[in-house]
Structures are given as structure tokens and as C-alpha cells.
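Asker: Got a sequence here, can you build the structure:
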Amino acid sequence: MVKWLKRISICMIIALCSGVMLVGCGDLYSRLNISLSHAGGVENKVEMTLADGTTSTYEITATVTGVKKGVSDRIRYEVQNGNNLTITDDYKGDGKTVLTITATSHGKSTLTISTVEGNKSKDVEIIVYKKVEKVAFSSSKLAITKNGTLNLNNYIKFTPQDTNQIAMNYEL
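Answerer: Just a heads-up that it's a prediction; the model follows:
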């Protein structure tokens, strides 16, 4: 009976020590975070404009913080619907990577920036507008009624016609 009691005591001590060791290690990725900064000010959205035959370039800095010893502070990225974009990355050290985005045509894409380890990520919507060169208004008179609606597209012509930069605000 004493032998069994000693064996059970030893097993309990081993289990208790193992539990304490595991709690002491903690999660390697619990404080890991990724943040983005760029000139646009809105972390998850970038808007660019380009004229026909030109390119436009934009930089985003991704910073990985809360990195524990032995954990990578590098990032990777993936683009959905990004046929109009070229992206290069430049790792600066201390968790900072500068992504240079070059747009060659208009369109809308999503850039996903992730940590190499720890499964932390941020999405950035990238909208590239085709620059409006000219706006012409019809000389027709507009009939506006109280609480009514009017389709102004019939009275406004954008050049180039295939621009995606046609959102306008109107006030009366």
C-alpha cells in the first residue's frame, strides 16, 4: 500500500510541475499585433488616382509588435483582384516592413497583410480611381420637386467615360 501511495504522490507532483511549467511559458503569440500606417490616415483603406498612361505609387508601413524571443516579426501579403497592382516589400528590421504599391490601372482590390507566425492579419481595401479629366453639364433645365428624386447622370458627362471616379455630392 505504501508503494502505491508513493507512486501516486510522485505522479501528482510530476503533473503539478508540468502544469506550472506550461502556465509559465504562456502563449507565444498572445501579445503579437500587427498595425498599419500610411499617409491616408484610414488604416484599412487606400485610395489612389491615376490618369491614362500613368502609374501611381503608395506606401504602407506594417509593424509587428509584441514579439517574444524566437518568434518572427516578419509579414507576408496576398492580394485579391489585384491584377492592376504591383507590390514590393522592404523589411526594415524591428518588425517594420514597408510595402510599396504601384497601380497601373483602375480597379478595386483587397490586400491582406499577415504575420508569418501567430496568425494575425489586417485587410486593406485599395481603390484605384481613373482620374476625371473633364466634367460637362447639360444645358437643359432641371425640374426638381420637393421630396422627389432626379437622376443627374442624364445631365452630366465625364471624360474619360469609363472613369470610376464619379461619386459626387450635391446640395441645394
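Asker: alpha carbons only for contacts and neighbour counts from here, please
Answerer: Noted.
Asker: Next, count neighbours for Thr88.
Answerer: Applying other C-alpha atoms under 10 Å, we find 11 residues neighbouring Thr88.
Asker: Next one: it from Lys45, what distance?
Answerer: 18 Å (C-alpha to C-alpha, to the nearest Å).
Asker: can you check Ile75 too?
Answerer: Separation of Ile75 from Lys45 (C-alpha to C-alpha): 19 Å.
Asker: Same check on Asp123?
Answerer: Look at Asp123 and Lys45: by C-alpha to C-alpha, they are 9 Å apart.
Asker: wait, is Asn153 part of a helix?
Answerer: Yes. Remark: Asn153 belongs to a helix, assigned using DSSP: H, G, I helix; E, B strand; the rest coil.
Asker: where does the protein dip in pLDDT?
Answerer: Scanning the chain for pLDDT under 70 picks out 1-26, 41, 168-172.
Asker: mind redoing it with 50?
Answerer: By pLDDT under 50, the weakly predicted segments of the chain are 20-24.
Asker: give me phi/psi at the residue nearest the centre of it?
Answerer: By C-alpha atoms, centre = their mean, the chain has its centre lying nearest to Val124, at 2.2 Å. With angles defined as degrees, to the nearest 10, Val124 sits at phi -130, psi 120.
Asker: If it is in a bridge, with which residues?
Answerer: Taking DSSP bridges, one obtains Leu111 as the residues bridged to Val124.
Asker: residue ranges for the strands of this protein, please.
Answerer: Here the chain has its strands, by DSSP state E, at 33-38, 45-50, 56-65, 75-80, 85-93, 96-103, 107-115, 121-130, 134-137, 156-159.
Asker: Serialize these to TSV and add fields for distance to Leu150.
Answerer: Shown next, in TSV, are these (distance: least, C-alpha to C-alpha, whole Å):
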stretch	distance to Leu150
strand 33-38	38
strand 45-50	28
strand 56-65	35
strand 75-80	36
strand 85-93	37
strand 96-103	35
strand 107-115	28
strand 121-130	25
strand 134-137	15
strand 156-159	12
